[in-house]
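*Asks:* Here is the input, now give the coordinates:
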Amino acid sequence: MCGIAGIAGLQDTLDASTRIQRMTDTMPHRGPDADGHFVADNIALGHRRLSIIDLSAASNQPFTDVSGRFVMIFNGEVYNYKALRAELSDYPFRTQSDTEVVLAAYTRWGKEFIHRLQGMFAFALWDKDTQTLLVARDRLGIKPLYYTERDGVWAFASEVRTLLQANIASKAIRPESLVDYMTYYTVHAPHTMLQDVKQLMPGQYGEWHNGAWKAETYWKLGVNRSEAPPTSYDEAKTRVRTLMRESVEMLMASDVPLGAFLSGGIDSSAIVALMAESSNTPANTFSIGFQEKEFDESDYATLIARKYSTDHTSIILQPQDFLDALPAALDAMDMPSGDGVNTYVISGAIRKAGIKVALSGLGGDELFAGYPVFKQWASLHDKAALWAIPLPLRRMAASLVRTLAPGHKADRYAELLSAPSNALADTYPIFRKLIPAHEIAGMGPNLPAGYNAVAHQLRAVAAETGKLPLLSQVSIGEITGYTQNVLLRDSDQFSMAHSLELRVPFFEYPLVEYVLSIPDAFKYPTYPKKLLVEALHPLLPDDIVHRKKMGFSFPWDTWLRNDLREFCALRMERLASRNVLAGGPVRAYWERFLAGDPAVTWARVWPLVVLDEWFEKVLKD
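*Replies:* Take a look at the predicted model:
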């Protein structure tokens, strides 16, 4: 796990050296163990290393192959590197690192080698002979890669703030991204908040050569699969358990101590249980607890910790603890997000305990229908007759709903009634909306308020996702939207802020491919994540399986009205004074929240507070 950066196309090597050093200087948190650079005609590569596999200096990067022709910088982990190394037994390896295995694999198989990699990664590989730069990102988008180009110069980095130090991209805000953020408290790839900065998509690689850039897709979610769907429920359970165990075992490979997030929910408990099954050494587990009992899950985390004899640390937070950590958490936010601060807090505690690698239960809800949206959309899909009603009548009903029962739920029902059809692209995006389009339109006369990135993405893959079971279609929506652009991105930026490598066993692609192929009848959650629970039986106690789902969250509403009120008020006023949104509506939105307007929840206000904080840092630099 590291930070990478590069610039292709600069002819002045002295200028390139200055820029690449400035870039890597922005991300020591991603790699406190080593800092390296490679600069030659047309290329400058920079690397910050967090040592996980082969801790020796021989594995520092940029890394050059034995022929001297290829130079690579790599961020992430390739978990099957030992198996690949065995296939490359004739290569004269100089280290025990996965980085050298990746480079050796390229020299043997060319670009096709990427299909052999299992893990999370973003890398860049320079061919000195052909003057070609190859970059790639892992299948699920666990590791980030941002890029920009201007006048034949192409630059990339693990973080946006790092990329800006290349002095290529402007800081102009993309209006559509501003709407996207207010709608979903994130900006969906391939875009970012900045007009000139994009993201390489999950499952893509690209090449830069002689001033030209071209990207290609090598893996697609819901399309690629390596085995047939199960024909019986018992077969599905057996295969899920095998794939889960293999995934956890593979991700436990490390030359440094590792731990696990443990919330006390099904997903994190499943990971901890499988870790215990795979090792005789007690796992290091960590959880967050609150004084506010309605948000506290520490008793459930303790139950699992005791059952599997883990070395457990429970961190009890008070509002002041969070307030004290908040400035540093916002400083760590490379891209604005309405989520993820919880990951920052627990990552800091884990790293402070001497742990460099931690496993997370992220992804279980997305794969095994753990969110309410799975049942909601399946139910909606069965109500095809509703969309036979003429649209004008449905719009009248929607208006009546908003009038009689104002609030965020009424907004959702009204939008569903007004949807063109019950197809995934027309209805699913409504479930994840934060602020409805009609309220966004009131915040700025020039905002493209009807823009919807999620609907656009789903329409682009409708022909492919439509062939999947209904619940798997929702999984596609969840993974390509909320998960990749909020959960995975935030987990990366907030864990790496503490130099902690976060691994996600649920998102190893063989498991993902298989679970997406499972029929709805086997996966339907008659109780929470039934298939996962029964596949792992008897590892998960009934007290964990059948308790009320609380989620890994903070008591935000209470805090925003009390302990964080002054903090938020300052930033909402500052946001109102900028030119990006209309000041009056922003001020009114804050006042409506304080007055208890049911249509303005804390979840609609906090992302605006964060947005202003991000503007303050990025636009002033």
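*Asks:* Let me know the helix or strand that residue 286 is in.
*Replies:* strand 284-290 (DSSP states H and E).
*Asks:* Could you list the paired strands of that strand along with their orientation?
*Replies:* strand 258-261 (parallel), strand 311-317 (parallel) (DSSP bridges).
*Asks:* Of these, flag the one that's most buried.
*Replies:* strand 258-261 (a mean of 26; mean count of other CB atoms under 10 Å). For glycine as for every other residue, the C-beta is placed from the backbone atoms N, C-alpha and C.
*Asks:* what's the average pLDDT for that strand?
*Replies:* Averaged across strand 258-261, the pLDDT comes to 93.
*Asks:* likewise stretch 26-36?
*Replies:* According to the model, stretch 26-36 has a mean pLDDT of 95.
*Asks:* Please save the CA atoms from it in CSV.
*Replies:* What follows is stretch 26-36, C-alpha atoms only, in CSV (Å, rounded to 0.1, in the frame of the first residue of the first chain):
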residue,chain,number,x,y,z
THR,A,26,2.0,16.0,-0.4
MET,A,27,1.4,12.3,0.6
PRO,A,28,3.9,11.2,3.2
HIS,A,29,0.9,9.6,5.0
ARG,A,30,0.5,7.1,2.1
GLY,A,31,4.1,6.0,2.4
PRO,A,32,6.1,7.0,5.5
ASP,A,33,8.7,4.2,5.0
ALA,A,34,10.4,5.4,1.8
ASP,A,35,10.3,8.1,-0.9
GLY,A,36,11.6,7.5,-4.4
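*Asks:* picking up where we left off before, want to try CSV for the strands paired with strand 284-290, with distance to residue 242 as columns?
*Replies:* Supplementary listing: these in CSV, determined by distance: least, CB to CB, whole Å:
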stretch, distance to residue 242
strand 258-261, 20
strand 311-317, 28
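*Asks:* Among those strands, which comes closest to residue 507?
*Replies:* strand 258-261 (14.2 Å; CB to CB).
*Asks:* Toward the C-terminus, what is the element adjacent to the closest one?
*Replies:* That would be, after strand 258-261 and using DSSP H and E, helix 266-278.
*Asks:* For that following helix, buried residues please.
*Replies:* 266-276, 278 (16 or more other CB atoms under 10 Å).
*Asks:* Farthest pair within those?
*Replies:* 266 and 278 (18.5 Å).
*Asks:* Mind giving me the packing neighbours of the helix or strand containing residue 16?
*Replies:* Taking DSSP H and E as the criterion, residue 16 maps to helix 13-24. Applying 3 or more CB pairs under 8 Å, 6 or more residues apart in numbering; DSSP states H and E, we find helix 13-24 packed against strand 2-8, strand 34-40, strand 43-49, helix 160-164.
*Asks:* switch to 10 Å and redo it
*Replies:* If you count contacts as 3 or more CB pairs under 10 Å, 6 or more residues apart in numbering; DSSP states H and E, helix 13-24 packs onto strand 2-8, strand 34-40, strand 43-49, strand 153-157, helix 160-164.
*Asks:* Identify the residue nearest the residue nearest the centre of the chain in space, chain neighbours excluded?
*Replies:* For the chain, residue 488 is the residue whose C-alpha lies nearest the centre (CA atoms, centre = their mean; 1.5 Å). In space, and not counting its chain neighbours, residue 488 is closest to residue 142: 5.6 Å by CB to CB, 6 or more residues apart in numbering.
*Asks:* what angle sits between the one helix or strand residue 239 maps to and helix 266-278?
*Replies:* Assigned by DSSP H and E, residue 239 falls within helix 233-251. For helix 233-251 against helix 266-278, the angle by axes from the mean of the first three to the mean of the last three CA atoms, to 10 degrees is 70 degrees.
*Asks:* can you start the count at 382 instead of 1 from here on
*Replies:* In the new count, where the first residue is 382, that last one comes out as helix 614-632.
*Asks:* Just the buried residues of helix 614-632, please?
*Replies:* 614, 617-618, 620-622, 624-632.
*Asks:* swap in stretch 462-474?
*Replies:* 462, 465-466, 472.
*Asks:* Once you drop chain neighbours, what's closest to residue 641?
*Replies:* Going by CB to CB, 6+ apart, residue 641 has residue 740 as its nearest residue, at 4.5 Å.
*Asks:* wait, I meant residue 685
*Replies:* Nearest to residue 685 is residue 650, by CB to CB, 6+ apart, at 4.6 Å.
*Asks:* would CSV of the buried residues of helix 647-659 with pLDDT and distance to residue 722 be doable?
*Replies:* Formatted as CSV, the buried residues of helix 647-659 follow (pLDDT from 0 to 100; distance: CB to CB, whole Å):
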residue, pLDDT, distance to residue 722
647, 95, 23
648, 96, 20
649, 96, 18
650, 96, 23
651, 97, 25
652, 97, 22
653, 97, 23
654, 97, 28
655, 97, 28
656, 96, 26
657, 94, 29
659, 91, 31
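*Asks:* For residue 433, state which of the residues you listed is nearest.
*Replies:* residue 656 (16.9 Å).
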